[in-house]
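> structure of the sequence below:
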Amino acid sequence: MSEQKPLTRSSERMLGGVCAGLAEHLNVDPTLVRLAFVALGLVYGFGALIYLVMWIVIPDENGQQLLSEDAVRANLEDIRSQARRLGESSQGPVLIGLILVGVGALALVRNLVPGFQFRFGLPLLLILVGGYLLLRRR
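Next up is the predicted model:
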């Protein structure tokens, strides 16, 4: 029986390393964990909230030895730097633009097509954008 890896945020990250670290801990494919967080995100945003809380409280694999208060401070600084990096990269504005165009298109279709259910359109948009981003990274 193999020993289970402690739960830490991975350096093999797309954003905060939460999904990759959880996947390493559970010995599953990180894509499955990411898809689970997207699915949870469609349930009133719980996935994003859970991800953010885990990013704050789970130590980075390089900072495991920090005291819990210092680890939280380091994790908050990591969130700040990742947000800054995303804002400065060419991917951040493109992703935000894709989401805004998609939500605007769904709102337009909702107004033009009677009976169109917006509650199905937004999750579909998020799944398509998330799937595109996951597949593009490979």
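
> ramachandran angles for the residue of the chain lying at maximal distance from its centre?
For the chain, the C-alpha farthest from the mean C-alpha position belongs to Pro114; by CA atoms, centre = their mean, that distance is 33.2 Å. In this entry, Pro114 is assigned phi and psi values of phi -60, psi 140 (degrees, to the nearest 10).

> correct me, but Ile58 touches Arg9?
Yes - under the contact definition of CB atoms under 8 Å, Ile58 touches Arg9, with a separation of 5.3 Å. (C-beta placed from N, C-alpha, C; glycine too.)

> shared neighbours, those two?
With contacts taken as CB atoms under 8 Å, 6 or more residues apart in numbering, Ile58 and Arg9 have 18, 21, 75 as neighbours in common.

> more crowded one of Ile58 and Arg9?
Arg9 (27 against 21; other CB atoms under 10 Å).

> which non-adjacent residue is nearest that one?
Distance criterion CB to CB, 6 or more residues apart in numbering; nearest residue to Arg9, sequence neighbours excluded, is Gly17 at 3.5 Å.

> Ser81: how many residues sit nearby?
As a burial measure, Ser81 scores 10 neighbours (other CB under 10 Å).

> which helix or strand contains it?
Following DSSP states H and E, the helix or strand that holds Ser81 is helix 68-88.
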